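# following is a predicted model, sequence given first.
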Amino acid sequence: MAGGSLTITVPTYNMLQQVAQRVSCWAGGVAAPQVQAQIQIRSWSPAIIIPEALFSIGALVLEPGGADLLSGYVAGTNITFNANNGTAAFQNPNTCAADAAHAPTISTIAMNVGGNPLAITLNYANFTGDGTVDITWGDGTSTLGAAESGASNHTYPYHPGTFTIRVADASVPTIWTETQVFVP
C-alpha cells in the first residue's frame, strides 16, 4: 500500500459516534482490535481517519443505499468525505449485523403539523422487503410494528426540548437510523 487515507468528517460529536460505530463494524467489530487500532478518531474537529492499509477489507458504505466510499480510490491519495447529512446507519459494534446496508432511512420530518408546535410527521422507509419498523420518539414513547415505509405522526409532551428519534427494523433491532428534532 502507498500510505493514503480516507478522512470522514462530521459536523457534531454525536454524529462522530454514529459514523464510528458503522466504521467499527466495517472493520470487523470488537473482535478485530488490531484492525481498529489503526483507525484514528479525531474529536477536536470531528473526523475518522482510515489508513489505506485497511481498504482491502471491502466496500465501506455509511448509509443505506449509499455509495462505497472507497470505490475508484487511487493508491497513495488522501481523500475526504463529509458525512454531514446524518444518515449513517447506526450499528452496535458488539453485535454487528450481517448487512448494515439494510438500515431504515429517515427522509423528512415535518414540524408544527396542523399548527401544533408539538406535533411532527416523520417520513421513513425500511429496506424493501425487510418488514415493519419500531420508532422510538425520544420522549419515552414508541410506535412498534409501524409499516415498512410511510409517514408516522407524533405529538410531544408540553415542554420544549431536543428529542432523538430512532427508526429500527423490527426484526433486526441492532441496526437503526437516528436523528434529533428540537421542539420549541
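Okay, I see it.
# roughly how far out does stretch 2-18 sit from the chain middle?
Relative to the centre of its chain, stretch 2-18 is centred 13 Å away, using CA atoms, centre = their mean, to the nearest Å.
# and the helices in the chain?
Assigned by DSSP state H, the helices in the chain fall at 13-26, 33-36.
# can you tell me which of these the model trusts least?
The weakest mean pLDDT among these belongs to helix 33-36, with a mean of 78.
# buried residues, that helix. List them.
Val35, Gln36 (16 or more other CB atoms under 10 Å). From N, CA and C alone the C-beta is placed, and that goes for glycine too.
# and it, what does it pack against?
If contacts are counted by 3 or more CB pairs under 8 Å, 6 or more residues apart in numbering; DSSP states H and E, helix 33-36 sits against no helix or strand.
# pull the longest strand from this structure.
If you go by DSSP state E, the chain has its longest strand at strand 172-183.
# export that one to PDB, keeping only CA atoms.
Extracted as PDB, the C-alpha positions of strand 172-183 are listed here (Å, rounded to 0.1, in the frame of the first residue of the first chain):
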ATOM      1  CA  VAL A 172     -33.200  -6.700  13.400                       C
ATOM      2  CA  PRO A 173     -33.100  -4.100  16.100                       C
ATOM      3  CA  THR A 174     -29.300  -3.900  16.200                       C
ATOM      4  CA  ILE A 175     -29.300  -1.600  13.200                       C
ATOM      5  CA  TRP A 176     -31.100   1.700  13.300                       C
ATOM      6  CA  THR A 177     -31.100   5.200  11.900                       C
ATOM      7  CA  GLU A 178     -31.400   8.200  14.300                       C
ATOM      8  CA  THR A 179     -32.000  11.900  14.100                       C
ATOM      9  CA  GLN A 180     -32.700  14.700  16.500                       C
ATOM     10  CA  VAL A 181     -35.600  17.200  16.500                       C
ATOM     11  CA  PHE A 182     -35.900  20.400  18.500                       C
ATOM     12  CA  VAL A 183     -39.500  21.100  19.700                       C
END
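# related to what we said a few turns ago, of the helices of the chain, flag the one that's most buried.
Highest mean neighbour count of the helices of the chain: helix 13-26, a mean of 21 (counted as mean count of other CB atoms under 10 Å).
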